[in-house]
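[1] What shape does this take:
(chains A and B)
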Amino acid sequence: MARTRRARRPRLTIGLLVLASITIITLDYRGDAHGAISSLKNTANDAFSPVQHAVDAVTRPIGSFLAGAFNGGELQQENEKLRDEVAQLQRQTLAEQATQNALRALDALNHLTWTPGIPTVAAQVIDLNPSNFAATVELNVGTANGVAPGMPVVGGAGLVGHVTATASTTCTVLLITDAGADSPVGVRFGPASADVGLTQGAGIGKPLTVTDITPGAPLHKGEILTTSGLQNAAYPALIPVARITGFSSTPSATEESVTAVPLADLSQLEYVDVLQWPPAP
Amino acid sequence: MTTADLARSTIVMVVVLAVQNTLLDGVRVAGAHPDAMLLLPMAAGYVAGPDRGAGFGFAAGLLADLFLPTTFGLSALVGCLVGYGTGLATRGLVRSSWWLPLIAAAGATAVGLSMYAILGAVLGEPGALRTDLVPALVVATPAAVVLATPVVRMVTWAMPPVTSGRGASVGAGSR
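    I've put the predicted structure just below:
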């Protein structure tokens, strides 16, 4: 009898733990306990932040060495700083091009917003892709720095993503390459920036696909896609997003098949800017 | 489980989490990185059997979930199943084999990542199964073999074998 009880105990334990897990998942998925879970995550992030910084200070050189070994020895700190400066200049140039295109076509009637008018918070990436199943990065700024969920993040030569969760000194950014439902970006293109589409991520390190483009739309390889800034858009207008790398269509297709690569090098992010731009409710 | 066991288990989880977040997350190949947190339930199941493996896996998964952008509780569910499964699969096997934890680590990682991707897809993240799983398996499974020995040693320190009333040890691990 005692032996039977001992044999049943693991099954009871695993049953209870599975039940507890499913309950937690359901509460989070349905949003019933979103506030409590967010608060728990924020507290944990804040508590763990000093430990992470301390360990990071010790292990970063090792991590850089290992990352360098896997990435062909490209990761030298000096190169990163220079690359960031070059990328910022490139972003300014692309932004000017996009502005000129838009101004030619849309002028002041479209009430364009533009990033120079938006305050920014400079941030350092402290963790790249903590999960293998979501394209996200962690930044060293949070609510204490004026960062809130929904704020766009730019880095390198273009759009990086948007803030999805915040703690007091850290935040999580969902990258535009994430394959989930929250990452698509409304974009403009064409000679007069009059055509619009929607980017869709395909996973970490993979190019974007651009959907909702009618066959025969004026597409050009190398053309820059910028955020559309349409009503209720998640991003302000005219932030450079991606460069078109290919497009094709079949006679019976209802939309053009378009691929584009993000302008920001999302695999080598070091410094970014959070735009203090709240999305429309 | 004594207070000392609990304290040692907490230390091991926090150390592995810190190493994961600061060191291993940066080792990316094709967008994927090694997953040491998934090795904790495997090691606990291997060292302490299915019952304690499930409990340790649940706790380690819940801790990992606090720092992940994915659905809260997903790692806890995968962790307890991996801990339980590893405990069952390796129960009664000869623990002196040096390669046994390595095989267990590779198997548990592959199964754990697949479960994670399937559950993620069920919860509305089809990309987890469609695009993220293959790179994760290709990178994390061989990495698990490399990381298995130190993780199993740490968990063995945290969860010393429990001696039963008849003098036999339950789920004795490799030291």
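
[2] Count residues in the vicinity of whichever residue of chain B sits closest to chain A, would you?
    For chain B, the residue closest to chain A is B:G127, as judged by C-beta to the nearest C-beta, at 2.3 Å. Glycine gets a C-beta too; all of them are placed from N, C-alpha and C. If you count neighbours by other C-beta atoms under 10 Å in any protein chain shown, B:G127 ends up with 26.

[3] cool, and A:V58?
    Using other C-beta under 10 Å, the number of residues around A:V58 comes to 12.

[4] next one: A:G216
    Neighbour count of A:G216, defined by other C-beta under 10 Å: 8.

[5] show me where the chain has strands.
    All of this refers to chain A. A:120-128, A:136-139, A:152-155, A:158-166, A:171-175, A:185-189, A:195-200, A:208-211, A:224-227, A:240-248, A:257-262, A:271-275 (DSSP state E).

[6] if you could check chain B rather than the one you did, that'd help
    Secondary structure of chain B by DSSP E: the strands cover B:162-163, B:169-170.

[7] Mean pLDDT lowest where, among the ones you listed?
    Least confidently modelled of those is strand B:169-170, at a mean of 44 by mean pLDDT.

[8] got CSV for the strands of chain A, with mean neighbour count and mean pLDDT too?
    CSV is the format used below for the strands of chain A (neighbours: other C-beta atoms under 10 Å in any protein chain shown; pLDDT from 0 to 100):
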stretch, mean neighbour count, mean pLDDT
strand A:120-128, 18, 85
strand A:136-139, 26, 90
strand A:152-155, 27, 90
strand A:158-166, 24, 91
strand A:171-175, 25, 92
strand A:185-189, 26, 85
strand A:195-200, 20, 86
strand A:208-211, 21, 88
strand A:224-227, 27, 89
strand A:240-248, 20, 89
strand A:257-262, 20, 90
strand A:271-275, 21, 88
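
[9] Tabulate the ones you listed in a markdown table, adding columns for distance to chain B.
    Output for the strands of chain A, formatted as a markdown table (distance: least, C-beta to the nearest C-beta, whole Å):
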| stretch | distance to chain B |
| --- | --- |
| strand A:120-128 | 5 |
| strand A:136-139 | 5 |
| strand A:152-155 | 14 |
| strand A:158-166 | 7 |
| strand A:171-175 | 5 |
| strand A:185-189 | 16 |
| strand A:195-200 | 10 |
| strand A:208-211 | 11 |
| strand A:224-227 | 21 |
| strand A:240-248 | 17 |
| strand A:257-262 | 13 |
| strand A:271-275 | 16 |
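
[10] pLDDT below threshold where in chain B?
    Counting by pLDDT under 70, chain B contains low-confidence ranges at B:1, B:161-175.

[11] Recalculate using a threshold of 90.
    B:1-5, B:18-19, B:21-31, B:69-71, B:90-99, B:120-132, B:159-175 (pLDDT under 90).

[12] quick one: contacts for the residue nearest the centre of chain A?
    Per C-alpha atoms, centre = their mean, the C-alpha nearest to the average position across chain A is that of A:L175, at 1.7 Å. A:L175 makes contacts with A:135-137, A:160-161, A:183, A:201, A:204, A:266, as judged by C-beta atoms under 8 Å, 6 or more residues apart in numbering or on different chains.

[13] what about B:T71, distance to A:G203?
    The gap separating B:T71 from A:G203 is 18 Å, by C-beta to C-beta, to the nearest Å.

[14] A:L263 - nearest residue in space that isn't next to it in sequence?
    Spatially, and ignoring its direct neighbours in sequence, A:L263 is nearest to A:G158 (3.2 Å; C-beta to C-beta, 6 or more residues apart in numbering or on different chains).

[15] from the stretch 51-200 of chain A, which residue is nearest to chain B?
    For the stretch 51-200 of chain A, C-beta to the nearest C-beta, closest residue to chain B: A:A179, 2.3 Å.

[16] Wait, that residue touches B:L129, no?
    No. Applying C-beta atoms under 8 Å, one finds A:A179 not in contact with B:L129, separated by 9.7 Å.

[17] Quick check on those two: which one has the bigger neighbour count.
    The neighbour comparison of A:A179 against B:L129 (other C-beta under 10 Å) goes to A:A179, with 22 against 19.

[18] Identify the residues contacting A:T199.
    Going by C-beta under 8 Å, 6+ apart, A:T199 touches A:176, A:184-185, A:187, A:208-211, A:225, A:241-242, A:260.

[19] for these, which one is nearest A:W277?
    Comparing the contacts of A:T199 against A:W277 with C-beta to C-beta places A:V185 closest, at 13.9 Å.

[20] I'd guessed the closest one sits against A:A234; true?
    Yes. A contact is recorded between A:V185 and A:A234 when judged using C-beta under 8 Å, the distance being 7.3 Å.

[21] Helices of the stretch 1-150 of chain A, start to end?
    Taking DSSP state H, counting those that start in this stretch to define them, one finds helices in the stretch 1-150 of chain A at A:2-30, A:34-70, A:77-106.

[22] so for the shortest one, what's the average pLDDT?
    The one in question is helix A:2-30. Average pLDDT, helix A:2-30: 81.

[23] swap in stretch A:97-114?
    The model assigns stretch A:97-114 a mean pLDDT of 50.

[24] ok, the residue of chain B closest to chain A touching A:D178?
    Yes. With contact defined as C-beta under 8 Å, B:G127 reaches A:D178; the gap is 7.1 Å.

[25] shared neighbours, these two?
    Common neighbours of B:G127 and A:D178, using C-beta under 8 Å, 6+ apart, are A:201, A:203.

[26] distance between stretch B:146-162 and the chain's centre?
    Taking C-alpha atoms, centre = their mean, to the nearest Å, one finds the center of stretch B:146-162 at 11 Å from the center of the full chain.

[27] What of stretch A:252-267?
    The answer for stretch A:252-267 is 16 Å, by C-alpha atoms, centre = their mean.

[28] Also stretch A:164-175?
    Distance, centroid of stretch A:164-175 to centroid of chain: 11 Å (C-alpha atoms, centre = their mean).

[29] what's the closest non-adjacent residue to A:T169?
    Leaving aside its sequence neighbours, A:T169 sits nearest to A:G142 (C-beta to C-beta, 6+ apart; 4.7 Å).

[30] actually B:Q20, not the one I typed
    B:A36 (4.8 Å).

[31] distance of that neighbour from B:V138?
    Counting by C-beta to C-beta, the gap from B:A36 to B:V138 is 17 Å.

[32] if you count what's nearby, which of those two comes out ahead?
    For the pair B:A36 and B:V138, the greater number of neighbours falls to B:A36 (26 against 13), based on other C-beta under 10 Å.

[33] Please tell me I have it right and that one contacts B:V19.
    Yes. Judged on C-beta under 8 Å, B:A36 makes contact with B:V19 at a distance of 6.3 Å.
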